[in-house]
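Asks: Next come a sequence and a model predicted from it.
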Amino acid sequence: MRKPVFALVDCNNFYASCEKLFRPDLRHTPVVVLSNNDGCVVARSKEAKALGIKMGVPVHHIKAEIRRYGIQVFSSNYTLYGDMSRRVMTTLEALAPKVDVYSIDEAFLDLTGIDRVVSFEDFGREVRNTVYQNVGLPVCVGIAPTRTLANYAAKKYPATGGVVDLTDPDRQRRLMAQVPVEEVWGVGRKLSARLQTMGIVRALQLADTHLATLRKQFSVVLERTARELNGVPCVPWEDVPAPKKQIMCSRSFGQPLQKLSDLEEAVAHFAARATEKLRGDQQYAGELMVFIRTNPFNTAAPQYSRSASVKLIQPSQDSRVIVQQALSLLRPMYREEFDYAKAGVMLGELVEEAGRQEDLFQAAPEQAPDSGRSERLMAVMDTINRKSRATVYMAREAGPAAYAMRRGHLSPAYTTCWDDLPKVR
DNA sequence: TCTGGGGTCCTAGGACCC
DNA sequence: TCTGGGGTCCTAGGACCC
């Protein structure tokens, strides 16, 4: 049997790199990109990292640094990042036989058994150069027998020119001896804290821990991680992306809301957006959940957090049905004495059209007078809204601007909107 | 003033069945 | 001096990832 070999291709500081790509004047300027609602930092250029700006820090905590160092701040521009991501992935698909897109800025390549006229390292360099030439974005490439090893190979050794070949077991162990355990893929804050109390502080120590102990004291997940560090693949390969199991739309409000009518507008809006995504995936939802909550960071204020869910008799992708159900879940949860900071709608029990169960008490589709009407109406709405965002919406939604995200530093849609094309003078 | 949003998987425990 | 055993399904909660 051929030994498995995976490459992880990871875009460096992806969002920040996308912003810099269209602003050559910022080549050496520290850049940060903010989360939705301009809340906290979710991407940093290497200059910003060098200044000690931490991932996830609320932007209002680093106001002084932004001013002092002239850090350039951007709101998240997912239209731009999504399009750049698509270009990177298309390039990768031309370079490797099997590509598993893992996230907006990462993909695994299955290199098992490819004819190796060049070394893995040369292959990695070719990937880097081609992506840079075609798209203009820098990537790191880690190559190893398992994804967990490839993952930290790609992320942790930019000093090697962005390509690390970890197929050699001795090299794996040498590098693992230096990697802190919390940097291993699958080991987060909680697990690393517990591991450290057991004296496990390096990746290599985790790899050498007795597997049954890990399973017993933690779970099968950590056991798998340890196996992967030892070169035994445990993460299944996804040739086609698995269909989504839930779809969520939620948002923190710019200002706290008190009135039921305001919450209704927000929840109606989230329900409509979630249902739009649902139709985009050509799925139907069998269940929906609505939640509302106060601001947990405001510890002085009384806290309130509720969620409610309902199963639909017949799975639906009709915004009218979902919005109406969401509102009837919201109303009994509402208490007027609280300041609400966030709400959301989650759709679950998603099914493909073909597997949809019909309502036993409904007339047969060919006899039902409105058969297909819902689908046609929604299709018309989506078509109009694709051309011009939020032109048609449910009456209960406040309107296009009411729950717009705070995005005070948004860059233009350079690649997806004619009006925003960069101009060459 | 000000702390994101959207996902996945696993486990434990309870209800229920025979 | 003792109170079965095995199975499924569901839910809530915890952990992780980007």
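Replies: Looks like it arrived, so ask away.
Asks: what's the neighbour count on the residue in chain A that DNA strand B sits nearest to?
Replies: Of all residues in chain A, the one sitting closest to DNA strand B is residue A:39 (2.5 Å; CB to the nearest atom of the strand). C-beta: built from backbone N, CA, C; applies to glycine. Per other CB atoms under 10 Å, the neighbour tally for residue A:39 reads 16.
Asks: what separates it from DNA strand C, distance-wise?
Replies: 13 Å (CB to the nearest atom of the strand, to the nearest Å).
Asks: Identify the residues contacting that residue.
Replies: A:58, A:59, A:252 (CB atoms under 8 Å, 6 or more residues apart in numbering).
Asks: cool, and residue A:23?
Replies: By CB under 8 Å, 6+ apart, the neighbours of residue A:23 are A:72, A:411.
Asks: give me that answer again for 10 Å
Replies: Neighbouring residues of residue A:23 by CB atoms under 10 Å, 6 or more residues apart in numbering: A:29, A:31, A:72, A:74, A:411, A:414, A:422.
Asks: Leaving out chain neighbours, which residue sits closest to residue A:258?
Replies: Distance criterion CB to CB, 6 or more residues apart in numbering; nearest residue to residue A:258, sequence neighbours excluded, is residue A:339 at 6.0 Å.
Asks: what's the pLDDT at the residue of chain A closest to DNA strand B?
Replies: According to the per-residue confidence, residue A:39 scores 90 in pLDDT.
Asks: roughly how far apart are it and residue A:55?
Replies: According to CB to CB, to the nearest Å, residue A:39 and residue A:55 sit 13 Å apart.
Asks: try residue A:17
Replies: With CB to CB as the criterion, residue A:17 and residue A:55 are 15 Å apart.
Asks: so what secondary structure elements neighbour the helix or strand containing residue A:15?
Replies: Using DSSP states H and E, the secondary-structure element containing residue A:15 is helix A:14-21. Packing partners of helix A:14-21 (3 or more CB pairs under 10 Å, 6 or more residues apart in numbering; DSSP states H and E): strand A:31-34, strand A:41-44, helix A:46-50, strand A:72-74, helix A:78-95, helix A:120-135.
Asks: what's the first one packed up against?
Replies: The reference is to strand A:31-34. Looks like strand A:31-34 contacts helix A:14-21, strand A:41-44, helix A:46-50, strand A:72-74 (3+ CB pairs under 10 Å, 6+ apart).
Asks: Of the ones you listed, which stretch is the most buried?
Replies: helix A:14-21 (a mean of 24; mean count of other CB atoms under 10 Å).
Asks: Compute the inter-axis angle for that one and helix A:78-95.
Replies: Counting by axes from the mean of the first three to the mean of the last three CA atoms, to 10 degrees, helix A:14-21 lies at 100 degrees to helix A:78-95.
Asks: picking up where we left off before, any of the contacts of residue A:23 buried? List them.
Replies: Among the contacts of residue A:23, those buried by neighbour count (16 or more other CB atoms under 10 Å) are A:31, A:72, A:74, A:411, A:414.
Asks: So which of those is the closest to residue A:290?
Replies: residue A:74 (31.7 Å; CB to CB).
Asks: State the distance from that closest one to residue A:80.
Replies: 10 Å.
Asks: Quick one: the helices in the stretch 301-425 of chain A, in order.
Replies: Applying DSSP state H, counting those that start in this stretch to the stretch 301-425 of chain A gives helices spanning A:319-333, A:373-387.
Asks: Would you reformat these as a markdown table and include mean pLDDT and distance to residue A:267?
Replies: Compiled in a markdown table, the helices of the stretch 301-425 of chain A are given as follows (pLDDT from 0 to 100; distance: least, CB to CB, whole Å):
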| stretch | mean pLDDT | distance to residue A:267 |
| --- | --- | --- |
| helix A:319-333 | 94 | 5 |
| helix A:373-387 | 83 | 19 |
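Asks: Which residue is the nearest non-sequential neighbour of whatever residue of chain A ends up closest to DNA strand C?
Replies: At 2.5 Å from DNA strand C, residue A:188 is the closest residue in chain A, using CB to the nearest atom of the strand. Leaving aside its sequence neighbours, residue A:188 sits nearest to residue A:182 (CB to CB, 6+ apart; 7.4 Å).
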